[in-house]
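Undergrad: Sequence first, predicted coordinates after that:
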Amino acid sequence: MLTETQALEKIVLQAQQLSPEYRLRLIQRITDTLILSFPRQSKPLQFGKYKSGKMSTLEDFAIAEWRPTDKELDGE
């Protein structure tokens, strides 16, 4: 574990010597290896899966809206 940490620190020092453009390219290459390691299962959302009872109305939003007093706005 210690050798991996030391190797990582060396890589970080080397990356700091790179220009911003090459740092971004390095990030892209590392990201590509991570994406390939974890294939993503694509599954679209199912219509109505999270459907609950009634839908919220504008009145529901108005009730939940925070209306601070002047004292609250002044921090009192």
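TA: Perfect, I can see it now. Numbers count the residues shown, from 1 in each chain.

Undergrad: burial measure for L24, as a count.
TA: When counting by other Cβ atoms under 10 Å, one arrives at 11 neighbours for L24. Heads up, the C-betas are built off the backbone N, CA and C, glycines and all.

Undergrad: Retrieve the pLDDT associated with R23.
TA: Looking at R23, its pLDDT is 96.

Undergrad: Revised request: answer the last question for R67.
TA: For R67, the predicted pLDDT is 87.

Undergrad: Next one: it from L73, what distance?
TA: Distance of R67 to L73, given as Cβ to Cβ, to the nearest Å: 11 Å.

Undergrad: ok, now K43?
TA: 46 Å.

Undergrad: same question, A7
TA: In this view, A7 and L73 are 54 Å apart by Cβ to Cβ.

Undergrad: after the helix or strand harbouring Y22 comes which helix or strand?
TA: Using DSSP states H and E, Y22 sits within helix 20-37. Remark: after helix 20-37, the chain's next helix or strand is helix 58-64, criterion DSSP H and E.

Undergrad: The residue nearest the centre of the chain and R25, how far apart?
TA: For the chain, T31 is the residue whose C-alpha lies nearest the centre (Cα atoms, centre = their mean; 14.7 Å). Between T31 and R25 the distance is 11 Å, computed by Cβ to Cβ.

Undergrad: quick one: low-confidence parts of the chain?
TA: 37-39 (pLDDT under 70).

Undergrad: now do 90
TA: 1-2, 32-64, 66-76 (pLDDT under 90).

Undergrad: L26 - how many residues pack around it?
TA: 14.

Undergrad: cool, R23 as well?
TA: 13.

Undergrad: mind listing what it touches?
TA: A15 (Cβ atoms under 8 Å, 6 or more residues apart in numbering).

Undergrad: Please report how far it lies from D32.
TA: 15 Å.
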